[in-house]
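**Student:** got a structure for you, letters missing:
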């Protein structure tokens, strides 16, 4: 599934180091608590929203897992920002991905969403530093992943377990790190 979470305007811009760390901590907490029932396989942090590619055992696992992630993320973001109150504007929006081509487009959309929002302008990065793109093994350009230093803190994500997200998406065509996605 492709899940989108929007934050309220009072939270401010998410593409900052302290917000990245808060989302990272929320992911780590969720990974420990979910026991694999909800698996966040890819994620990108945009200015006022998050995009996630998730797998869930069933509808209840998706609902409870997303609720837990939202609560954890809200707590960590509020703590990082020194504020209290609501973080997410409404419930998450989820879209079922039911075929290789749709999954391939969702991967490109989530991992390269920073290019869609023009966050890449003036930067020389190949991959979005505010996403899990460094964990994606399917880039089509054959270049090695960006070098990681000791201070790099990757977003913790699950290895995909479903065929569509693990291998099936390849039937939809290769994904380029330079691709600028359109609307999903």
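**Tutor:** Alright, I've got the coordinates. In this text, all values refer to a predicted model and were calculated from it rather than measured experimentally.

**Student:** now the strand or helix carrying residue 103: average pLDDT?
**Tutor:** Residue 103 belongs to helix 100-111 when assigned by DSSP states H and E. Here helix 100-111 scores 95 as its mean pLDDT.

**Student:** contacts for the helix or strand just after that helix, please.
**Tutor:** Next along the chain after helix 100-111, taking DSSP H and E as the criterion, comes helix 113-116. With contact meaning C-beta atoms under 8 Å, 6 or more residues apart in numbering, helix 113-116 is reached by 44, 46, 51, 109, 120, 128, 130-131, 178-182. In this view, the C-beta of every residue, glycine as well, is placed from N, C-alpha and C.

**Student:** go with 7 Å
**Tutor:** The list of residues contacting helix 113-116 from outside it, by C-beta atoms under 7 Å, 6 or more residues apart in numbering, reads 44, 46, 51, 120, 128, 130-131, 180-181.

**Student:** pLDDT of stretch 31-47, averaged?
**Tutor:** Stretch 31-47 comes out at a mean pLDDT of 87.

**Student:** ok, and for the top helix by length along the chain, which residues are buried?
**Tutor:** Identified as the longest helix of the chain according to DSSP state H is helix 59-81. Residues of helix 59-81 classed as buried by neighbour count (16 or more other C-beta atoms under 10 Å): 61-62, 64-66, 68-70, 72-74, 76-78, 80-81.

**Student:** returning to that earlier point: same list (the contacts of helix 113-116) but as JSON lines, adding distance to residue 161.
**Tutor:** Below are the contacts of helix 113-116 laid out as JSON lines (distance: C-beta to C-beta, whole Å):
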{"residue": "44", "distance to residue 161": "20"}
{"residue": "46", "distance to residue 161": "26"}
{"residue": "51", "distance to residue 161": "20"}
{"residue": "120", "distance to residue 161": "31"}
{"residue": "128", "distance to residue 161": "24"}
{"residue": "130", "distance to residue 161": "25"}
{"residue": "131", "distance to residue 161": "20"}
{"residue": "180", "distance to residue 161": "29"}
{"residue": "181", "distance to residue 161": "25"}
